[in-house]
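A.B. asks: For reference, the sequence and a predicted model appear below.
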Amino acid sequence: MREDVQDAVNRVDQHRLWQRLTEMAQIGAIPGSGVNRAAFSDEDVESRKLLISWARARNFTVAIDAIGNLFIRRAGSDPHAAPVMTGSHMDTQPRGGRFDGIYGVLAGLEVLEAIDAAGAITRHPIELVAWSNEEGGRFAPCTMGSAVYTQAKPLSEFLAVKDNEGIALEDALARTLAATPEAEKRELNAPAAAYIETHIEQGPLLEQEGKTIGVVTGIQGLRWFNVEVFGESAHAGTTRVGARKDALRDAIAAINALHELTRDATDTVRFTIGRMLVTPNSPNSIASHVLFSVDVRHPDPATIARLGDAVEPTVRKAVKHCSVKVTVTLHDDPCVFDSAVVEGVERAAQALKLPHQRMPSGASHDAMYMARVCPTGMIFVPCERGISHNEAENATPEDLAAGARVLTAALLELANREPRG
Ligand SMILES: [Zn+2]
């Protein structure tokens, strides 16, 4: 490792990172060490102000765009070079933990501080981004800030979305933007040279394998469906079994067939029926209507395409007595990260002698949208028993700092890359 890079890595301060995570966790704290910090809420605003105060203490510049994504920049030597970016989100699930999202933001700030303290000169600016509304718990859908930033979706599509209390996103967003007037306004889709996001794994693999760093190779593909089975309600005591149109019986047959379809000796396929509505849902009435959800995921593009495309035919074949309707509710193709970024993260983990392994991400992240516009990668660190989206979410100060050190080395390498062509 180059001496200047090593110097910056050495300045990553485990204690400062942990203190800041602890301080942020008090904003929206809920019983059981959890956090409830919904997008564009008072708590979100408070966390933004705290982040900005830390950034300004170091004289980093602060900017904000129309969806409220917050950018904190340390300048580079080349005024024409696009920033090398890192970051994650500060919002949480309603009963979220202290690390999901906020770790990637504060690790990014720690890296900026370490690089600054080392006096490193980088060609590209290095920029920390805190994406708006990643969780989608208050305003659906999720990963909204990165979707709008990358122009995958227009902001106008989301302005009328309302929360459970009837508050429109447009109004909550306007309040959030007004609360940080010190941030200069930034256009959407400003160019990015590269992006690396650090995040807790939200799964048990690293802990089980005794590894500190997950070198993330991509984000698995995801297909969601609603399946509706239409039968006919009748009396459970009087109607012959042979004469029934039993929507629940056919739904169970369809679910069994889907389990067969997704059976996988390598245990890589993720298949879930998480929701089922039965009508009229009475013990002595034959079900007239059943709706169930299907969630199937896989990192390999060919496999997820095959499985996703087979859902409707499999259901139709299994349903014998009723009619059926299958609706696609979400379709995210797998995202494969840039090989140079993945290798850069791997090299950094190796040089720092941290046990590491390559792995896909099971969960969606803002990195999915960034991968569409610039070379992108992610760094995972272990979380206790893989628990996330839960108050009990936990991680060690040592692992969190290790992730920030890998990020420092990987970002510095990218920020000093010579321009192409
Ligand atoms: Zn997250």
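C.D. replies: Cool, the structure landed.

A.B. asks: number of nearby residues for Glu182?
C.D. replies: 10 (other Cβ atoms under 10 Å). For every residue, glycine as well, the C-beta is placed using N, CA and C.

A.B. asks: swap that for Pro154, please
C.D. replies: That count, for Pro154 with other Cβ under 10 Å as the rule, works out to 11.

A.B. asks: For Glu384, see how far away the residue nearest to it when sequence neighbours are not counted is.
C.D. replies: Among residues not flanking Pro154 along the chain, Val148 sits closest, at 7.2 Å (Cβ to Cβ, 6 or more residues apart in numbering). As judged by Cβ to Cβ, to the nearest Å, Val148 and Glu384 stand 33 Å apart.

A.B. asks: What is the burial count for the residue of the stretch 251-400 of the chain found nearest the ion?
C.D. replies: Closest residue of the stretch 251-400 of the chain to the ion, Cβ to the ion: His365 (6.1 Å). His365 has 26 neighbours, counted by other Cβ under 10 Å.

A.B. asks: Just the pLDDT at Pro141, thanks.
C.D. replies: The confidence metric pLDDT takes the value 87 at Pro141.

A.B. asks: Can you read off the backbone torsions of it?
C.D. replies: Note on Pro141: backbone dihedrals following degrees, to the nearest 10 are phi -90, psi -180.

A.B. asks: Run a quick neighbour tally on it.
C.D. replies: Other residues within reach of Pro141, judged by other Cβ under 10 Å, total 13.

A.B. asks: My read is that the residue nearest to Pro154 contacts Trp131, right?
C.D. replies: No - counting by Cβ atoms under 8 Å, Val148 does not reach Trp131; the two are 9.5 Å apart.

A.B. asks: anything in contact with each of the two?
C.D. replies: Contact criterion Cβ atoms under 8 Å, 6 or more residues apart in numbering; residues shared by Val148 and Trp131: Asn69.

A.B. asks: which SS state does the residue of the stretch 251-400 of the chain closest to the ion fall under?
C.D. replies: Classification of His365 by DSSP: H, G, I helix; E, B strand; the rest coil places it in coil.

A.B. asks: how close does it get to Val373?
C.D. replies: His365 is 15 Å from Val373, by Cβ to Cβ.

A.B. asks: now do Gly218
C.D. replies: Plainly put, Gly218 is 16 Å away from Val373 if you go by Cβ to Cβ.

A.B. asks: Ok, Ala395 next?
C.D. replies: Using Cβ to Cβ, Ala395 is found at 29 Å from Val373.

A.B. asks: just to revisit the earlier point, name the residue in Gly218 and Val373 with the higher neighbour count.
C.D. replies: The residue with more neighbours, out of Gly218 and Val373, is Gly218; 24 against 16, by other Cβ under 10 Å.

A.B. asks: Enumerate every residue touching that one.
C.D. replies: Here Gly218 is in contact with 299, 334-337, 360-361, 371 (criterion: Cβ under 8 Å, 6+ apart).

A.B. asks: ok, for it, nearest residue in space, not its chain neighbours?
C.D. replies: Val336 (4.2 Å).

A.B. asks: Pull out the buried members of the contacts of Gly218.
C.D. replies: Among these, the ones that count as buried by 16 or more other Cβ atoms under 10 Å are 299, 334-337, 360-361, 371.

A.B. asks: on that earlier part again, tell me which entries of the contacts of Gly218 lie within strands.
C.D. replies: Secondary structure defined by DSSP state E assigns 335-336, 360-361 of these to strands.

A.B. asks: list the contacts for the residue lying closest to Glu413 once chain neighbours are set aside?
C.D. replies: Once flanking residues are discounted, Glu413 sits nearest to Gly344: 5.3 Å by Cβ to Cβ, 6+ apart. Counting by Cβ under 8 Å, 6+ apart, Gly344 touches 377, 410, 413-414.

A.B. asks: One more: Gly104?
C.D. replies: Contacts of Gly104 (Cβ under 8 Å, 6+ apart): 86-89, 197-199.

A.B. asks: Can you classify Asn226 by secondary structure?
C.D. replies: At Asn226 the chain is in strand, as set by three-state DSSP.

A.B. asks: give the contact list for it.
C.D. replies: The neighbours of Asn226, taking Cβ under 8 Å, 6+ apart as the test, are 291-294, 326-327, 329.
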